[in-house]
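Q: fold the following, please.
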Amino acid sequence: MINAVDLNEKGMKGMKKSTGVLLLLVILVAVTVANNHNVSGEERGSAQEAIVSTEEAPRVGYMAPAFALQSIDGKTSYEVGGKRDKLLFLNFWASWCGPCQAEAPDLVKLYGKYKDSLDMYSVNVTSNDTIQKAQQFVDQYSLVNPILMDVKGDIFQKYNGMAFPTNLLIDRNGVVRHVFIGMRPVKDIEKAIVNLLNENP
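A: The predicted structure follows:
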């Protein structure tokens, strides 16, 4: 026959066992959280260190795909790819594109303001346009930055172009840092430029 003292002792042992298991669980959770915190910290660090890939791709964190194109006057060749002296704003456009027309005056102002530390190449995707209309566009909006002609459209394709305008901001190491699909507020583009200039004055 089990008396009350036995029940009490068993109850106490059960409680001690439960408390021990609970304490062990708390310790395990604390250790797991600490480990996860350290791992995520390491992952954040390694992600930042590995932000740059040596592969070429028209994506943030990758080297800008290399190319060379002639200017609209056919006299000068411009190259993209690898390290450069200035940041590069790469603008793919067509003369009939409404958003391209709308952003043109803002790009003219941006280039005027930052041309000492920023190259701006406006790439006319001539396979979807004509040289004559491109020239009219250049004259109408008083573009003074280099105008490049993607006659076959293969550079636009190389940059996975799907919409006009497509703009990329490339740093001095030749790495794509921002991709802007479609027209974006000029303040957003300028902020991205200023932030990159501040990174490497």
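
Q: going by C-alpha atoms from here, please, whenever you check contacts or count neighbours.
A: Fine.

Q: following element in sequence after the helix or strand of the chain with the lowest mean pLDDT, please.
A: When the helices and strands of the chain are compared on mean pLDDT, DSSP states H and E, helix 4-49 comes out lowest with a mean of 40. Sequence-wise, the next helix or strand downstream of helix 4-49 (DSSP states H and E) is strand 53-56.

Q: list the buried residues in that next one.
A: In terms of neighbour count (16 or more other C-alpha atoms under 10 Å), strand 53-56 has its buried residues at residue 56.

Q: which residues touch it?
A: Residues external to strand 53-56 that are found in contact with it (C-alpha atoms under 8 Å, 6 or more residues apart in numbering): 61, 62, 63, 64, 65, 66.

Q: avg pLDDT for it?
A: Mean per-residue pLDDT for strand 53-56: 84.

Q: name the next helix or strand downstream of that strand, please.
A: Following strand 53-56 in sequence order, the next helix or strand is strand 62-63 (DSSP H and E).

Q: tell me which of the contacts of strand 53-56 is nearest to residue 169?
A: Proximity of the contacts of strand 53-56 to residue 169 (C-alpha to C-alpha) peaks at residue 64, which lies at 9.6 Å.

Q: surely the closest one and residue 176 touch.
A: Yes: with contact defined as C-alpha atoms under 8 Å, residue 64 counts as touching residue 176 (5.6 Å).

Q: which neighbours do these two have in common?
A: Counting by C-alpha under 8 Å, 6+ apart, the shared contacts of residue 64 and residue 176 are 58, 170.

Q: what's downstream of the strand or helix carrying residue 120, the next helix or strand?
A: Applying DSSP H and E as the criterion places residue 120 in strand 118-124. Using DSSP H and E, the helix or strand that follows strand 118-124 towards the C-terminus is helix 131-140.

Q: buried residues in stretch 163-171?
A: Residues of stretch 163-171 classed as buried: 164, 165, 166, 167, 168, 169, 170, 171 (neighbour count, 16+ other C-alpha under 10 Å).

Q: span of it from start to end?
A: This stretch, stretch 163-171, spans 23 Å end to end (C-alpha to C-alpha, to the nearest Å).

Q: contact partners of it?
A: The contact list for stretch 163-171, computed with C-alpha under 8 Å, 6+ apart, reads 64, 86-94, 97, 99-100, 176-183, 193, 196.

Q: that older thread, I'd like the contacts of strand 53-56 as JSON lines, with distance to residue 138 and neighbour count appended.
A: JSON lines is the format used below for the contacts of strand 53-56 (distance: C-alpha to C-alpha, whole Å; neighbours: other C-alpha atoms under 10 Å):
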{"residue": "61", "distance to residue 138": "31", "neighbour count": "20"}
{"residue": "62", "distance to residue 138": "31", "neighbour count": "19"}
{"residue": "63", "distance to residue 138": "29", "neighbour count": "24"}
{"residue": "64", "distance to residue 138": "25", "neighbour count": "26"}
{"residue": "65", "distance to residue 138": "25", "neighbour count": "19"}
{"residue": "66", "distance to residue 138": "25", "neighbour count": "15"}
